[in-house]
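Undergrad: how does the following fold in three dimensions:
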Amino acid sequence: MEKSFGLLFFLRKPKRYCNGEIPIYMRVTVDGIAIELSTRRKCDPEKWSVNAARMNGKTEPVKLFNAYLDTLQQKVFEAKRKLMEVDKEVTAENIKNILMGIEIGKEKHMLMEVFVHHNEQMKALVGTEFAEGTLERYQTSFRHTQSFLKARYKVNDIDIIRLDHEFIAEYEYWLRSTRKCGHNSTMKYLSNFKKIVNRCLRNGWLPKDPFMGFKITKREVDRTALTETELDMLATKELHVERLRIVRDIFLFSCYSGLAYADVKKLKRSDIFIGIDGNQWLFSKRQKTDVSARIPLLPVALDIMKKYNDHIQCKLGDFVLPVLSNQKMNAYLKEIADLCGIGKKLTYHIARHTFATTVTLSNGVPIETVSKMLGHRNLKTTQHYAKIVDRKISEDMNALRNKLNKNMECELKA
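TA: Numbering: from 1, shown residues only. Next up, the predicted model:
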């Protein structure tokens, strides 16, 4: 039975288009069902003939451009003929598969199915190989990818063979524009997605890496920390609400121990040992990196620990501190910052930055020692904190320089 068949080249304007060249797409329609493929060519709209579906002009570059589209058109008809020769159904999808080099009848591998399988395996290994937070990031990445497919391709899933550099570039743009992700967040989601792509490559399901030529780069961000004055303001402020006092104490514990939220939350009394110097040490394995950290406890941290020895939540679970959810901790920290007159946006992770800079590096603790206590895998990660200390040194020295210059001016006038 003869089927209706159509082929059209057209310009597709990207979102927020202002001017310039526009990508050309090819639409193949069989019995009302269409597929669209990028031609990997662009054209200025003013030079494009809608009726002819070709570029206007008779120059040699225009002739070569139109000849390329003619070749694509010829390949579509060859694909149609090939399907008829091997007695396969002529459909838009089958034509697309031939054009993309997919063997007809070969098993398909769908992107979101591969993603689901990956996340299910990761979920089964949470607590042994992966942290809960790592799984959450991949689950978020899965939802973003699914939303992108619906927005850009109007589908819930896609054959992985359709992944190419253009797909990655479009996904990056969607994360930045629609999801309003910052640069580093965008790169993180693309890095998560790349792991799924790499699984497909290793299994031989993809002929080439769609990330080839695409650089995933992180931008360095300034790490905020409390100054010595702000830390003192926080510690001495009289708080009349118990929940705020508890959150302040737990936050201060991290300021003087360097533990991240996840590590404080799971910290047990059995993790406190007598160290080589006869003092109490904290032995912990970082949830994020699975690296062991051994930290001699400072007096402030020890006093906070003793304060909660008899707290019901600590006694029942053998926990060191009665830690609330991360969301509540951060919400109450903002309230505490307002009460203390601290202008910085206070989040729990600032405690770790404060330990690294204000409490240790600024007081002459060697960076190698700080790196070990923070549980960093390499010294390079810790060196970001050293830059903050350098900035403080620079500010202090500039203040001293100005003071000396003023003294010199006064002596000259005298």
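Undergrad: distance of the residue nearest the centre of the chain relative to Ile196?
TA: For the chain, the residue sitting closest to the mean C-alpha position, by CA atoms, centre = their mean, is Lys188 at 2.3 Å. Lys188 sits 14 Å away from Ile196, going by CB to CB, to the nearest Å. To be clear about C-beta, it is placed using only N, CA and C from the backbone, and glycine gets the same treatment.
Undergrad: what comes up buried for the helix or strand harbouring the residue nearest to the centre of the chain?
TA: Using DSSP states H and E, Lys188 maps to helix 183-202. Within helix 183-202, the residues that count as buried by 16 or more other CB atoms under 10 Å are 186-190, 192-194, 196-197, 199-201.
Undergrad: next, give phi and psi for Pro14.
TA: For Pro14, the backbone dihedrals (degrees, to the nearest 10) come out as phi -70, psi 160.
Undergrad: again with the one 5 residues further on
TA: In terms of degrees, to the nearest 10, the main-chain angles of Asn19 are phi -160, psi 180.
Undergrad: from Pro45, how far out is it?
TA: Noted for Asn19: a distance of 9 Å to Pro45, by CB to CB.
Undergrad: more crowded one of those two?
TA: In this view Asn19 and Pro45 are compared by other CB atoms under 10 Å, and Pro45 has more residues nearby, 13 against 8.
Undergrad: just checking, the more buried one touches Leu11?
TA: Yes. The criterion here is CB atoms under 8 Å, and Pro45 meets it with Leu11 at 6.1 Å.
Undergrad: shared neighbours of these two, which are they?
TA: Ile22 (CB atoms under 8 Å, 6 or more residues apart in numbering).
Undergrad: which parts of the chain belong to which domain?
TA: As recorded under automatic domain parsing, the domains making up the chain are 5-99, 111-202, 228-396.
Undergrad: among those, which comes closest to Thr217?
TA: Closest approach to Thr217 among the domains of the chain is made by domain 111-202 (6.5 Å; CB to CB).
Undergrad: rewinding a little: quick one: mean pLDDT for the helix holding Lys188?
TA: The average pLDDT within helix 183-202 is 94.
Undergrad: try stretch 365-372
TA: Averaging pLDDT along stretch 365-372 gives 84.
Undergrad: what comes into contact with it?
TA: When contacts are defined by CB under 8 Å, 6+ apart, stretch 365-372 is touched by residues 258, 293-294, 356, 360-361, 378-379, 381-383, 385-386.
Undergrad: if we go to 10 Å?
TA: Residues from elsewhere that reach stretch 365-372, judged by CB atoms under 10 Å, 6 or more residues apart in numbering: 258, 291-296, 355-357, 359-361, 373, 376-383, 385-386, 389.
Undergrad: low-confidence regions, this structure specifically.
TA: For the chain, the stretches flagged by pLDDT under 70 are 1-2, 102-107, 220-223, 286-291, 386-393, 395-396, 411-414.
Undergrad: show me where it has its strands.
TA: Using DSSP state E, the strands found in the chain span residues 5-11, 22-30, 33-43, 48-49, 54-55, 272-274, 280-285, 292-296.
Undergrad: helices of the stretch 51-200 of the chain, start to end?
TA: Counting by DSSP state H, counting those that start in this stretch, the stretch 51-200 of the chain has helices at residues 60-85, 92-99, 111-124, 132-153, 165-177, 183-202.
Undergrad: now the stretch 251-400 of the chain
TA: With DSSP H, counting those that start in this stretch as the definition, the stretch 251-400 of the chain shows helices at residue ranges 261-265, 299-307, 312-317, 326-340, 349-354, 367-374, 379-413.
Undergrad: buried deepest among the ones you listed, which one?
TA: Highest mean neighbour count of the helices of the stretch 251-400 of the chain: helix 349-354, a mean of 23 (counted as mean count of other CB atoms under 10 Å).
Undergrad: and that helix, what does it pack against?
TA: Using 3 or more CB pairs under 10 Å, 6 or more residues apart in numbering; DSSP states H and E, the elements in contact with helix 349-354 are helix 228-236, helix 242-255, helix 261-265, helix 326-340, helix 379-413.
Undergrad: what's in contact with that helix?
TA: 222-228, 230-231, 234, 250-261, 263-264, 326, 329-330, 333, 337, 342, 344, 347, 359-360, 362, 374, 384-385, 388.
Undergrad: please redo it, this time with the cut-off set to 7 Å
TA: Contacting residues not belonging to helix 349-354 are listed as Arg223, Thr224, Ala225, Leu226, Leu231, Phe251, Ser254, Cys255, Gly258, Ala260, Tyr385 [CB atoms under 7 Å, 6 or more residues apart in numbering].
Undergrad: and what of stretch 232-250?
TA: With CB under 7 Å, 6+ apart, stretch 232-250 has contacts from 226, 252, 264, 304, 307, 321-324, 329, 332-333, 335-336, 339-342.
Undergrad: mind doing that once more with 8 Å?
TA: Applying CB under 8 Å, 6+ apart, the set of residues contacting stretch 232-250 is 226, 251-252, 264, 300, 304, 307-308, 321-324, 328-329, 332-333, 335-336, 339-342.
Undergrad: and what of stretch 142-149?
TA: For stretch 142-149, contacts defined as CB under 8 Å, 6+ apart pick out 111-112, 115-116, 119, 155-158, 170-171, 174-175, 179, 189, 193.
Undergrad: which of those residues count as buried?
TA: For those, buried by 16+ other CB under 10 Å: Leu111, Met112, Phe115, Asn119, Asp157, Ile158, Glu170, Tyr171, Trp174, Leu175, Tyr189, Phe193.
Undergrad: out of these, flag the one nearest to Gly57.
TA: In terms of CB to CB, no member of the buried ones among the contacts of stretch 142-149 lies closer to Gly57 than Glu170, at 29.2 Å.
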